[in-house]
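S.K.: Sequence first, then the predicted structure:
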Amino acid sequence: MNTISERFFPSIRKEEYLPLLKAFGFFFFVLASWYVLRPIRNELAVEFGYENLMILGFSVNPIALLLTVGALVMLAVNPIYSFVISKIEGSKVVLYCYSFFIVNFLLFLSAWTLLEDQGRIWTAYIFYVWLNVYSLFVVSIFWATLINFFNSEDGKRLFGIISAGGSLGAFFGTSVTQYFALEICGSDISDSGPSFLIIFSIICLSISIFLSKDLHVADKNETSKNKEIGGSASDAIKSLISVPEVRNIGLYVLLFTTLATVSWMMSLDIIRSWSSDPCERTSYFSLVEQIVIPLTLIMQLLFSSYLMRRFGTSIILVIYGLLFAVIFSVYYLFPVIAAVFAVTIMQRVFEYGLNKPTRETYYADMKKNDRYKSTVLVDTFISRTGDLTGGWIVGFGLITLSISWAALPLTLLLSITGYKAAKSNNKVDG
């Protein structure tokens, strides 16, 4: 009995209980702050997607344009973030960055309150782009803080548990949005703005700042806890080019986000063929969420730690490519809603329950400068670039539902890149 318990439930030292509890709560409120607004982003996408914009005489799909703008904003913001991070103490990163997000929320609230109709519409466009930036930065900054407190061995034991806090926070945030759905569905968001939900997000971020206190030690043998991070604004980009472990994990994230977007767009074709009823489709998406979150929690609490300790990061990084190969093969052979249902759940549980904690464990072995800067660049700009790449691949017809097997070379490249990333970070077992 003890052997089974120790295998699936990692040992936690007495001095780790409080930091683990704070990290669990920290991630809970970070994801609650985002997931309460995630339906707003999706609803804005629906509102914007009805008709194209005319820009310089060209008809442009507004969502494609906004995604492109979002990627460019990511590219522009990262050097600014790196510059600010270089000049402040490690213990103040969350305070400064999350306070900046809170100020932005207050500005959006003011804009929706004070501006006239046209101004509110443009506020909604900007808010959509900003939410895409916010969703990645707020989570990346959380993990940048965590991997500077827990080392990679700690991560193998504890990151699964901490990730479970995020899953519960996501469920809580989504539940709050559902409870106040009348505020969203009863009016045009572009006109009034999701006021209550933004205020709720501000409260969650404020709690996150409080819980982040003392989770900032860069290394347990450092002489000063409050040492400035140092470096320059271009450090993250330089490391992406010259540091093998950063370059390899960057390519890995680019590939898997590209493949995830391609598979998502294929699934939408199947879903549209299955049903033209928006209510039925909404019910389907809700059912997926209701199944994914509990399964992800089970994975995070019972299996993530064991699998990372048992197999290391190499196997987990490699297996993602094989998983996508299965997904595209299933879509090619069985383009039905049941197949979409099964593979969507499988992919999301693997990503959030296992692959994400594994990548953060990988990040924890990087140098301090890269832990704070390069990881954020990879998880924001590189990730969003992968989304765009996947969209372009499908948009140009290079990979479609009828030729989904064409994605198989990319899945093989993902597995090879995962192996190289693990090897460059000295994590290949045996």
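M.R.: Everything's here; your move.

S.K.: Whichever strand or helix holds Pro294: how far from the chain's middle?
M.R.: Using DSSP states H and E, Pro294 sits within helix 278-298. Relative to the centre of its chain, helix 278-298 is centred 18 Å away, using CA atoms, centre = their mean, to the nearest Å.

S.K.: helices or strands next to whichever helix or strand comes after it in the packing?
M.R.: The helix or strand immediately downstream of helix 278-298 is helix 304-333, counting by DSSP H and E. Secondary-structure packing of helix 304-333 (3 or more CB pairs under 8 Å, 6 or more residues apart in numbering; DSSP states H and E): helix 2-8, helix 152-179, helix 244-274, helix 337-350, helix 356-363, helix 408-424. In this view, the C-beta of every residue, glycine as well, is placed from N, C-alpha and C.

S.K.: Most tightly packed of those helices?
M.R.: helix 356-363 (a mean of 26; mean count of other CB atoms under 10 Å).

S.K.: per-residue confidence averaged over that helix?
M.R.: If you average the pLDDT over helix 356-363, you get 89.

S.K.: And the helix or strand immediately after it in the chain, what's buried?
M.R.: Going down the chain from helix 356-363, the next helix or strand is helix 368-372, by DSSP H and E. Under the neighbour-count criterion of 16 or more other CB atoms under 10 Å, helix 368-372 has 368-372 buried.

S.K.: follow-up on the earlier one: now tabulate the helices and strands packed on helix 304-333 in TSV and tack on distance to Trp34.
M.R.: As requested, the helices and strands packed on helix 304-333 are exported to TSV (distance: least, CB to CB, whole Å):
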stretch	distance to Trp34
helix 2-8	29
helix 152-179	7
helix 244-274	17
helix 337-350	16
helix 356-363	14
helix 408-424	26
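
S.K.: low-scoring stretches of the stretch 301-430 of the chain, by residue?
M.R.: 426-430 (pLDDT under 70).

S.K.: circling back to that earlier point, would you list the buried residues of helix 368-372 in a markdown table and tack on distance to Val94?
M.R.: Output for the buried residues of helix 368-372, formatted as a markdown table (distance: CB to CB, whole Å):
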| residue | distance to Val94 |
| --- | --- |
| Lys368 | 16 |
| Asn369 | 18 |
| Asp370 | 18 |
| Arg371 | 14 |
| Tyr372 | 11 |
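
S.K.: At the geometric centre of the chain, which residue do we find?
M.R.: In the chain, the residue lying closest to the centroid (CA atoms, centre = their mean) is Leu136, at 5.3 Å.

S.K.: Work out for me the element that residue sits within.
M.R.: Assigned by DSSP H and E, Leu136 falls within helix 117-146.

S.K.: ok, back up a step: need the residues that contact the helix holding Pro294.
M.R.: Applying CB atoms under 8 Å, 6 or more residues apart in numbering, the contact partners of helix 278-298 are 164, 167-168, 170-171, 174, 271, 275, 337, 341, 344-345, 348-349, 352-353.

S.K.: go on, stretch 325-344?
M.R.: Contact with stretch 325-344 is made by 263, 266-267, 269-271, 273-275, 284, 288, 292, 346-347, 401-405, 407-408, 411-412, as judged by CB under 8 Å, 6+ apart.

S.K.: Pick the one among the contacts of helix 278-298 closest to Val84.
M.R.: Among the contacts of helix 278-298, Ala170 lies closest to Val84 (CB to CB), at 27.6 Å.
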